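Participant: Just to be clear, the model below is a prediction. Sequence and coordinates:
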Amino acid sequence: MTANLGAMDLLLATRNQHKTREFAQLLGPNFTLRDLTSEHDLPEIQETGRTFEENAVIKAIAISKIFPDQIVIADDSGLEVKSLGGAPGIFSARYAEENASDRRNVEKLLCELQGAPERSARFRCVIALVKNGELITTIAGEIAGKITKSPRGENGFGYDPIFIPEGFEETFAELPSDTKNAISHRGKAVAELVRYFNTARRSARK
Ligand code: ITT
């Protein structure tokens, strides 16, 4: 990512490069985004919360305490499937097992839903914004849709090949990234985050 004079520096508390790519596309050139992929000596953060919001706050505060001069954002997100009582939910990344691959998680979900007529689901995302170890705000976004019977498409990550957003016939992995970003749980949350920053900048100028 190139430095941009006047851009706001943000540290995204993630090692998931798919998330970083989406955030960079969504935030655009007014922000300089860095993630944790080049930080090799950080302690493991235990996501012990019971909700997306709690886990986003845990991640953002833990990283902010290590980088107190940075504006830190964290994304906790996942897929909630209605007929599975909201699973995999906060366990989306580790549904099949600890450190599961996307393929294993998708296989497990399709197996759990085998023959199920009720396939509605939603992606949810909560972003926590933290400075100096203190929570400033959390912002949520979600998108409703349904789960396919088999994976389709190569774009995106995670459960994208089996999720068809409402109003579409293609999966998130078949849609161009711009289309996903315009309607996704993360796209909505980041749009709200940008509005938050713009309002804060305007009132700081007054
Ligand atoms: P960090 O905690 O380092 O940010 P992570 O991948 O472990 O990375 P989460 O705990 O928030 O992050 O788990 C998110 C999981 O939910 C992710 O690994 C996917 O399986 C799924 N997920 C979230 N957003 C998604 C999206 O836009 N498309 C497909 N799957 C998504």
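Facilitator: Yep, that arrived.

Participant: For the chain, what lies in contact range of the ligand?
Facilitator: 14-16, 19, 47, 75-79, 92-93, 105, 123, 156-160, 184, 186 (Cβ under 6 Å from any ligand atom). To be clear about C-beta, it is placed using only N, CA and C from the backbone, and glycine gets the same treatment.

Participant: Now list the buried members of the residues you listed.
Facilitator: With burial judged by 16 or more other Cβ atoms under 10 Å, the buried subset of the residues of the chain next to the ligand is 14, 16, 19, 47, 75-79, 92-93, 105, 123, 156, 158-160, 184, 186.

Participant: In helices, which of those fall?
Facilitator: Those of those mapping onto helices are K19, N105, R186, per DSSP state H.

Participant: Leaving out sequence neighbours, find the closest residue to the second one.
Facilitator: Counting by Cβ to Cβ, 6 or more residues apart in numbering, the nearest residue to N105 once its immediate chain neighbours are dropped is Y95, at 4.5 Å.

Participant: And the pLDDT at that neighbour?
Facilitator: Note for Y95: predicted pLDDT of 98.

Participant: Correct me if wrong: it contacts C111.
Facilitator: No: using Cβ atoms under 8 Å, Y95 makes no contact with C111, being 10.9 Å away.

Participant: Tell me the secondary structure at P43.
Facilitator: coil (DSSP: H, G, I helix; E, B strand; the rest coil).

Participant: Who are the contact partners of it?
Facilitator: With contacts defined as Cβ atoms under 8 Å, 6 or more residues apart in numbering, P43 is in contact with A62.

Participant: Let me know the pLDDT of it.
Facilitator: We have a pLDDT of 93 for P43.
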